[in-house]
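1. following is a predicted model, sequence given first.
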Amino acid sequence: MIPNFKEILSELSYRVEGGIPDLTKESHVNQLIDILRENGISDAAHLAQKARVYFSYLNEAKPKKIVGNDTTIVVNKKSGSVYPVKTSNFNASVHDKATTAQIKKAKSNGTFGNEEPEEIPAQQGPNTFGVSGGGANVFPGNDTQSSDDSDSTKRKNPTQIKAEIDRISIQAGQSRDSFYSKGYHKSESEEDAGAAPGNAGSMLNENGSCDVCEWALENDKTDLVSAVSHLYDNLKGGSLLEAADKRGIAGQQDKVPSISAKELREFKASGKGKFDKLSDGQLSRLMVAANGGLIKAKKIKEGIQANGWKEEDCTINGFFGDEGGKSQQADMVRQSNKIFGPDGTEIPKNIALQLVAAGGGGANPSDTSQFAYNSKTGDLMIKFTSDKDSFEAIVAQSSFQKEGSIKKDQIDKLVQTGKMKKADAEKIKTFIDTQTKTLNAIEAELKSVGAEPAKKMLKMPVKDVINQFKTLSGGANPQAYYDGVIKKYMGKPFNAETPAEAVTQFLKFSSMSPEEQTAYVTKVGSPKTTFTSKEAEIIARLKSRFGLDPLVAQKIDDIRKRSVAIERKVLNKMNNIQIGIKGGKVGLGDYMDATNFIDKFHMGGAMGDKHGVFAYNGLFEVVCGKGVINNDIISQCMNTNNMDDFIRKFGSTKEEFQLSKENQITGSVRIAYFLNDKKQKIKIGEKRQRSKTGANGRFNTVYKWDKDTVECFKRKNGLA
């Protein structure tokens with residue numbers, strides 16, 4: 001259901017005292033939740049918290065307008081911007097008086113400013129996203145420099161702030177304890193926002209490392225045994241550590257790859273019996289999270305020193321990337337006086353709020369954050385982190401469809417910066433759309449490849465099919481797939497009267513062609529009923545159980561080959577257009593491929609990008625259990641810190657198909673590389689196409705660092 005936000009805001013205005021909604025107030029947020037519930041919104045609390053985050057940074061970003069008769073409308077000689085200044089501030093070396101025509105034009109095209117813009121630091125050329133500008137230009141298209149002088153002159157008394165900071169801190173701690181107790185879970189009620197995307201293992205790593213970071217700084221601890229003991233004591237008895245279903249990691253018996261068997265044995269022995277009841281999977285995950293927390297604590301210590309603060313004046317809070325955590329971060333930013341990065345650089349408050357809201361996305365690809373509050377000054381230092389359990393972990397996930405949309409946005413920016421002709425851009429964007437539709441049509445065929453196996457299963461005793469059906473799904477409910485099919489096929493339009501008949505109806509529907517399925521549901525008056533991807537996955541699993549894979553193996557392989565070929569076709573087509581960069585030209589396809597890898601592997605900051613968190617030195621880095629990946633390490637391992645240089649040296653191998661033991665195509669992989677000064681190919685990482693849902697599932701894309709680059713990361717961290 002799509003809510004009518006105009007009516008909801010009107011109702012909220014009616015209910016709150018004073019008639020003006022203020023989502024920084026808990027009572028107003030609760031009123032909003034009530035109204036959303038009344039309007040049938042199932043995730044009311046989640047939506048209200050999002051609204052609270054957005055309200056917070058929009059409210060901070062309101063510019064102060066210059067009004068009155070003592071103003072002069074000027075044209076900035078350098079930028080051409082039109083805006084008012086106080087007449088006493090008119091500077092003939094900077095300003096020209098604007099003519100009536102210039103004022104009219106600026107107002108008509110929306111470029112008329114409310115105030116004089118601050119000087120933006122220079123940047124060498126546009127960044128990965130086609131955006132020029134210095135550290136201030138974090139969110140292209142927005143006025144990123146707040147003119148609200150409350151940041152500099154209207155400082156609040158730190159003692160007044162302290163109570164609110166303590167409240168947020170307690171709230172964050174209660175949220176973490178709740179996740180420790182309940183484990184990984186989706187929203188269970190309208191008061192519970194649920195976990196951020198991921199799984200139980202990633203939740204333990206993210207929450208656990210934040211927990212240990214706070215503990216280590218508070219207790220001046222640096223040893224891993226004590227850190228794991230602390231984390232184990234906090235997690236003991238809770239579902240996150242002990243549940244064997246998807247809520248917890250107890251069922252994940254295998255150790256994480258970054259911990260060797262020898263390290264695990266020696267560490268368990270050092271615990272003197274305390275860790276003996278833990279499986280290798282549990283203990284190794286505790287070790288990774290705890291070590292990550294110790295790394296974060298060391299980095300925060302360095303940041304406190306760089307800001308010239310004293311540790312005893314600072315309290316540390318770690319935040320997990322759920323929506324509740326985002327609102328808590330926004331509250332803490334809003335309450336504090338000034339915001340600083342780990343290197344002592346001040347971050348405008350409106351930018352800090354936008355970065356918080358963008359957490360988990362391209363402008364801020366973080367999972368967690370650490371906030372250090374200085375009780376003597378009322379100021380805040382922030383740092384964002386992405387948490388992995390090893391250097392070999394998946395870096396990013398995507399799809400051809402998502403990346404096509406990103407490519408089109410980049411093409412528009414290339415036109416804006418004069419690097420590409422508009423006519424060429426429109427042709428390429430149309431080609432991308434056409435190929436996306438072609439790929440969707442090809443992958444839609446995967447739903448119908450189960451028709452022949454379904455016909456075979458229809459001839460088997462239904463009892464045998466049901467026996468297999470009830471064990472298809474993993475997790476806490478092994479017959480979840482079976483239960484879902486029974487519910488659907490005993491309802492309209494199939495109207496089965498018994499579970500056995502429901503399974504038979506399901507197999508009959510599965511054995512139809514897409515055209516026959518459409519004709520059937522239309523005839524019985526239920527045209528919106530479809531055969532879903534989940535049902536295609538069920539047929540694929542049943543097919544394998546009954547040894548029917550050979551019936552469709554060739555057809556699936558053909559679909560896989562045609563779908564993988566689409567991306568190469570698009571890249572080759574784009575390479576017909578040349579893009580100018582420093583030192584020469586490259587094909588648009590290679591340019592897009594290189595910038596895509598830069599984006600997915602968070603390499604922008606290492607290449608001079610000033611987008612999002614990369615606008616501020618040290619504000620973001622990846623913590624990988626034993627070490628970190630940051631701008632300095634990436635630029636050293638890539639042998640460059642210049643984006644154009646990297647793009648010019650970038651290349652990738654042709655796609656290689658991945659095969660199952662039955663020699664059926666299960667995916668494809670291609671390796672990105674750069675050419676060093678000796679023209680040697682240095683491997684960067686891999687882009688792998690694979691199905692998450694079995695033989696009949698669509699491909700999605702995952703990115704991982706190549707082992708050669710991983711070895712470089714380890715060397716730079718002193719681990720190899």
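-> Nice, I can see it.

2. do you know how far Leu458 is from Ile486?
-> Separation of Leu458 from Ile486 (C-beta to C-beta, to the nearest Å) stands at 17 Å. In short, each C-beta sits where N, CA and C put it, glycine included.

3. if you could redo that for Lys600, that was the one I meant.
-> If you measure Lys600 against Ile486 using C-beta to C-beta, the figure is 41 Å.

4. now swap in Asn717 and tell me
-> As for Asn717, its distance to Ile486 is 53 Å (criterion: C-beta to C-beta).

5. so for those two, which sits in the more crowded spot?
-> For Asn717 versus Ile486, the count of surrounding residues by other C-beta atoms under 10 Å is larger for Ile486: 21 against 16.

6. and the pLDDT at that one?
-> Reading off the confidence values, Ile486 has pLDDT 96.

7. hang on, isn't it packed against Pro499?
-> Yes: under the criterion of C-beta atoms under 8 Å, Ile486 is in contact with Pro499, at a separation of 5.1 Å.

8. helix or strand with the lowest mean pLDDT in this protein?
-> Every helix and strand of the chain was ranked by mean pLDDT, DSSP states H and E. The lowest is helix 44-60, at a mean of 60.

9. tell me which helix or strand comes right after that one.
-> On the C-terminal side of helix 44-60, the nearest following helix or strand under DSSP states H and E is strand 71-76.

10. ranges for the strands of the stretch 251-400 of the chain?
-> In the stretch 251-400 of the chain, strands defined by DSSP state E, counting those that start in this stretch lie at 314-320, 339-340, 368-374, 379-387, 394-398, listed in chain order.

11. so for Ile73, which of those strands sits nearest?
-> With C-beta to C-beta as the criterion, Ile73 lies closest to strand 339-340 of the strands of the stretch 251-400 of the chain, at 32.9 Å.

12. and that closest one, how far out from the chain's middle?
-> Using C-alpha atoms, centre = their mean, to the nearest Å, we find the averaged C-alpha position of strand 339-340 to lie 23 Å away from the chain's own average C-alpha position.

13. show me what that strand is in contact with.
-> Strand 339-340 is touched from outside by 307, 333, 346-349, 352, 379-382, with contacts defined as C-beta atoms under 8 Å, 6 or more residues apart in numbering.

14. so which of those wins on neighbours?
-> Busiest of the contacts of strand 339-340 [other C-beta under 10 Å] is Ala352, holding 28 neighbours.

15. how far away is that residue from Lys679?
-> Note on Ala352: its distance to Lys679, by C-beta to C-beta, is 44 Å.

16. where along the stretch 601-720 of the chain do the helices fall?
-> Per DSSP state H, counting those that start in this stretch, the stretch 601-720 of the chain carries helices over the ranges 631-637, 643-649, 707-716.

17. let me know which of these is tucked in deepest.
-> Per-stretch averages of neighbours, counted by mean count of other C-beta atoms under 10 Å, single out helix 643-649 among those, with a mean of 22.

18. show me what it is packed up against.
-> When contacts are defined as 3 or more C-beta pairs under 8 Å, 6 or more residues apart in numbering; DSSP states H and E, helix 643-649 sits against strand 578-581, strand 584-587, helix 588-600, strand 665-675.

19. deepest-packed of these, please.
-> Highest mean neighbour count of those: helix 588-600, a mean of 23 (counted as mean count of other C-beta under 10 Å).

20. got the CA coordinates for that one in CSV?
-> As requested, C-alpha coordinates have been extracted for helix 588-600 and formatted as CSV (Å, rounded to 0.1, in the frame of the first residue of the first chain):
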residue,chain,number,x,y,z
LEU,A,588,33.5,4.1,-23.1
GLY,A,589,33.0,0.4,-22.2
ASP,A,590,36.5,0.1,-20.7
TYR,A,591,36.0,3.4,-18.9
MET,A,592,32.6,2.2,-17.5
ASP,A,593,34.1,-1.1,-16.5
ALA,A,594,37.0,0.5,-14.7
THR,A,595,34.9,3.0,-12.8
ASN,A,596,32.4,0.2,-11.9
PHE,A,597,35.3,-1.8,-10.2
ILE,A,598,36.5,1.4,-8.5
ASP,A,599,33.0,1.9,-7.1
LYS,A,600,32.3,-1.7,-6.1
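
21. can you list contacts of that helix?
-> Outside of helix 588-600, the residues within contact range by C-beta under 8 Å, 6+ apart are 128, 362, 395-396, 398, 403, 406-407, 410-411, 420, 428, 570-579, 581, 586, 603-604, 607, 609, 643, 646-647, 650-652, 672, 684-685, 687, 703.

22. what's the answer for stretch 388-398, then?
-> Stretch 388-398 is contacted by residues 201-202, 205, 256-258, 285, 288, 600-602, 622-627, 629, 685, 700-705, 707, 710, 713-714 when judged by C-beta under 8 Å, 6+ apart.

23. just the buried ones from those, in ChimeraX syntax?
-> Of those, the buried ones go into a single ChimeraX selection, burial set by 16 or more other C-beta atoms under 10 Å:
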select :201,202,205,256,258,285,288,600,601,602,622,623,624,625,626,627,629,685,700,701,702,703,704,705,710,713,714
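
24. before I go, just wanted to say thanks for your time.
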